[in-house]
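1. pasting a predicted model and its sequence here:
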Amino acid sequence: SQQGEEDPQALSIQEGENATMNCSYKTSINNLQWYRQNSGRGLVHLILIRSNEREKHSGRLRVTLDTSKKSSSLLITASRAADTASYFCATDGATSGSRLTFGEGTQLTVNP
Amino acid sequence: NAGVTQTPKFQVLKTGQSMTLQCAQDMNHEYMSWYRQDPGMGLRLIHYSVGAGITDQGEVPNGYNVSRSTTEDFPLRLLSAAPSQTSVYFCASNPLAGGSPGSYEQYFGPGTRLTVT
């Protein structure tokens, strides 16, 4: 079964607004990653956060991790039309060995 | 570096046919994996490999075989194609220089779109 579950499934905002996506997981993790997928393309890595970290930034991206709630959030600030894509979280569970499992994704649409 | 390459880009098979999806990487990565992505869904792990000669099953291995004879190549074989295997297939790799695969960025190929009729 999928380890990570994203919420919401779909999000539509206007350019310039912030977008927040959430990822929840079921078992303890070592690491959590976020990826972006443009329509019909492969996934592109955005950011990695380790289980002992609480927050990371990369440009307009901010990721938080709350291991007590088994959840993570991805914030995209000042969104642009080019941010329109699907966003996935991926986790490697502390008990899942060498597997990296993905959630079902959030489809973000940024309207110009 | 070409990164992760996959061939073919598109393939149509008839039920019962077999074929091999090719995946190669030129980054000397130890970890390679195959995922399938169905419409509106995330990626499901089929098989993975932590190094040449070592493979293991993921979440949905049935109907697929893999081998890893070299560090560079990780082909995925469909033994007897079924319509349920219609999907987009992604290959990915990462360095796995110690630690778990999630410790490293995954590099994805462009995908193979497979239709089984």
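-> Cool, got the structure.

2. and the residue of chain A closest to chain B?
-> With C-beta to the nearest C-beta, the shortest gap between chain A and chain B falls at residue A:92, namely 2.9 Å. All C-beta spots, glycine's among them, are computed from the backbone N, C-alpha and C.

3. so that residue sits right up against residue A:28, yeah?
-> No - in this structure, residue A:92 is not within contact of residue A:28 by C-beta atoms under 8 Å, at 10.5 Å.

4. and these two? Which one has more around it.
-> residue A:92 (24 against 13; other C-beta atoms under 10 Å in any protein chain shown).

5. how about the contacts made by residue A:24?
-> Residues near residue A:24 by C-beta atoms under 8 Å, 6 or more residues apart in numbering or on different chains: A:4-5, A:7, A:69-71.

6. for residue A:27, report the pLDDT, please.
-> According to the prediction, residue A:27 has pLDDT 87.

7. isn't it right up against residue A:101?
-> No - using C-beta under 8 Å as the test, residue A:27 is too far from residue A:101 to be in contact (10.3 Å).

8. the helix or strand that contains residue A:34 pairs with which strands?
-> Using DSSP states H and E, residue A:34 falls within strand A:29-37. Within its sheet, strand A:29-37 is paired with strand A:43-50 (antiparallel), strand A:85-93 (antiparallel), according to DSSP bridges.

9. residues of the longest one that come out buried?
-> Under the neighbour-count criterion of 16 or more other C-beta atoms under 10 Å in any protein chain shown, strand A:85-93 has A:85-93 buried.

10. endpoints of stretch B:105-117, how far apart?
-> With C-alpha to C-alpha, to the nearest Å as the measure, stretch B:105-117 spans 35 Å from end to end.

11. using PDB, list the CA coordinates for stretch A:9-21.
-> C-alpha atoms of stretch A:9-21 as PDB (Å, rounded to 0.1, in the frame of the first residue of the first chain):
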ATOM      1  CA  GLN A   9      -5.900  15.800  -4.500                       C
ATOM      2  CA  ALA A  10      -6.400  19.000  -6.600                       C
ATOM      3  CA  LEU A  11      -5.700  22.600  -6.000                       C
ATOM      4  CA  SER A  12      -6.400  25.600  -8.200                       C
ATOM      5  CA  ILE A  13      -5.100  29.100  -7.300                       C
ATOM      6  CA  GLN A  14      -4.200  32.400  -9.000                       C
ATOM      7  CA  GLU A  15      -0.700  33.500  -9.900                       C
ATOM      8  CA  GLY A  16       1.000  35.200  -7.000                       C
ATOM      9  CA  GLU A  17      -0.900  33.200  -4.400                       C
ATOM     10  CA  ASN A  18       0.700  30.600  -2.100                       C
ATOM     11  CA  ALA A  19       0.100  26.900  -2.500                       C
ATOM     12  CA  THR A  20       0.200  24.400   0.300                       C
ATOM     13  CA  MET A  21       0.100  20.700  -0.100                       C
END
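
12. quick check: residues of chain A near chain B?
-> Proximity of chain A to chain B, by C-beta under 8 Å from any C-beta of the partner chain, involves residues A:1-2, A:4, A:29-33, A:35, A:40-45, A:48, A:50, A:88, A:90-92, A:97-105.

13. sorry, back to before: of residue A:27 and residue A:101, who's got more company?
-> Taking other C-beta under 10 Å, residue A:27 and residue A:101 do not tie; residue A:101 has more neighbours (24 against 11).

14. and that one, backbone torsions?
-> phi -110, psi 150 (degrees, to the nearest 10).

15. repeat that for residue A:82.
-> phi -70, psi -10.
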